[in-house]
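Visitor: No sequence on hand, only this structure:
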């Protein structure tokens, strides 16, 4: 039975371009399917999380991360009585706007784009699904429902000023109410992102041998998880031991979010999704105690993983790749693919050209950016 505050696909605010809906799939299910079939979603296979795509077959990519986020989001959404297809669609789309080389690539592109409005991966995800995916005969983008677009734009909360240009441009055509919170489904997708990366970054850091199992077992929350495993299976080999402990850590995060969110919703007693949007605060949250413990874990990861010498050196190298490619394409627009040249010819000035170059570079996979740099710049 859907919760009264769940998003109802039968009452969707619709699509920018009206179209006949499917007889077999709800509008939100159709959105999710369009996201899965998009070119941008496929490219996530070769976009990095922390490690560069070619550094190891076992490390997470943006694609595997997005699938893990969607799995967590569906679990929480089902328990809360929300629309699972909408939750899953937002979860699968939340990283579509990421550049090659993870946050390192985003930081470089944002710096280069500073004179032209900056770069923001959430705003870029909206730009992709409303403009840059060009497969349909009648419109650019995927023509997703208002609810899915809202979730992509503001799953992390209301959008503050200045509003990124990619959001502002679309919002002027199709008001996404950027000043309010998003639906509970989108909020679940946002917290599921936190749960997934907090868990899998620990996995990947261990596999890369950037820290030890014993160091992990000394961290908040994790020490209790390891203690439970050791009490249940004394002498368990190190690989199974850490896997069992991280399984429990994962479960702690999910259970905490469900418990806190149920309490928040009980306090608010929303009768519709509009009440959730107007609540003035996030409904889907971690408890203060767990959030404090997660800050300690994130500080540990920042020190030992994100700023590890090998990672820092790779960050330096890939920053140089982006720093080289952007000015190169600004001058040598003839090197852009044929399907981009019409847009370049129509560009009304340097800002519009820079945004096209930014779109092109942001869409690159790690491997393509490296190959492109080697071919064009040696």
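Guide: Alright, I've got the coordinates. It should be emphasised that the depicted structure is a prediction, and the values quoted were computed from it without experimental measurement.
Visitor: how about the worst-scoring helix or strand of the chain on mean pLDDT: buried residues?
Guide: Least confident helix or strand of the chain, by mean pLDDT, DSSP states H and E, is helix 338-346 with a mean of 88. By 16 or more other CB atoms under 10 Å, the buried positions in helix 338-346 come out as 340, 343, 344. In short, each C-beta sits where N, CA and C put it, glycine included.
Visitor: ok, now stretch 293-306?
Guide: 293, 294, 297, 300, 301, 304, 305, 306.
Visitor: if I look at the last one, how far off is residue 107?
Guide: Read it as residue 306. Residue 306 sits 12 Å away from residue 107, taking CB to CB, to the nearest Å as the criterion.
Visitor: what does the fifth one give?
Guide: Look at residue 301 and residue 107: by CB to CB, they are 17 Å apart.
Visitor: Ok, the fourth one next?
Guide: Per CB to CB, residue 300 is found 21 Å from residue 107.
Visitor: and the longest helix anywhere in the chain, what's its mean pLDDT?
Guide: If you go by DSSP state H, the chain has its longest helix at helix 238-268. For helix 238-268, the mean pLDDT works out to 96.
Visitor: who does it touch, helix- and strand-wise?
Guide: Under the contact criterion of 3 or more CB pairs under 8 Å, 6 or more residues apart in numbering; DSSP states H and E, helix 238-268 touches helix 62-80, helix 184-207, helix 213-217, helix 222-232, helix 288-301.
Visitor: try it again with 10 Å
Guide: When contacts are defined as 3 or more CB pairs under 10 Å, 6 or more residues apart in numbering; DSSP states H and E, helix 238-268 packs onto helix 62-80, helix 184-207, helix 213-217, helix 222-232, helix 273-277, helix 288-301.
Visitor: For the third one, name the packing helices and strands.
Guide: Identification of packing neighbours for helix 213-217 by 3+ CB pairs under 10 Å, 6+ apart yields helix 184-207, helix 222-232, helix 238-268, helix 288-301.
Visitor: most neighbours per residue, which of those?
Guide: helix 184-207 (a mean of 24; mean count of other CB atoms under 10 Å).
Visitor: Could you check the angle that helix makes with helix 238-268?
Guide: 160 degrees (axes from the mean of the first three to the mean of the last three CA atoms, to 10 degrees).
Visitor: now helix 184-207, how far from the centre of its chain.
Guide: With CA atoms, centre = their mean, to the nearest Å as the basis, helix 184-207 stands 10 Å off its chain's centre.
Visitor: now stretch 335-349
Guide: Computed by CA atoms, centre = their mean, the chain-centroid distance of stretch 335-349 equals 28 Å.
Visitor: Could you do stretch 195-210 as well?
Guide: In terms of CA atoms, centre = their mean, the centre of stretch 195-210 is set 17 Å apart from its chain centre.
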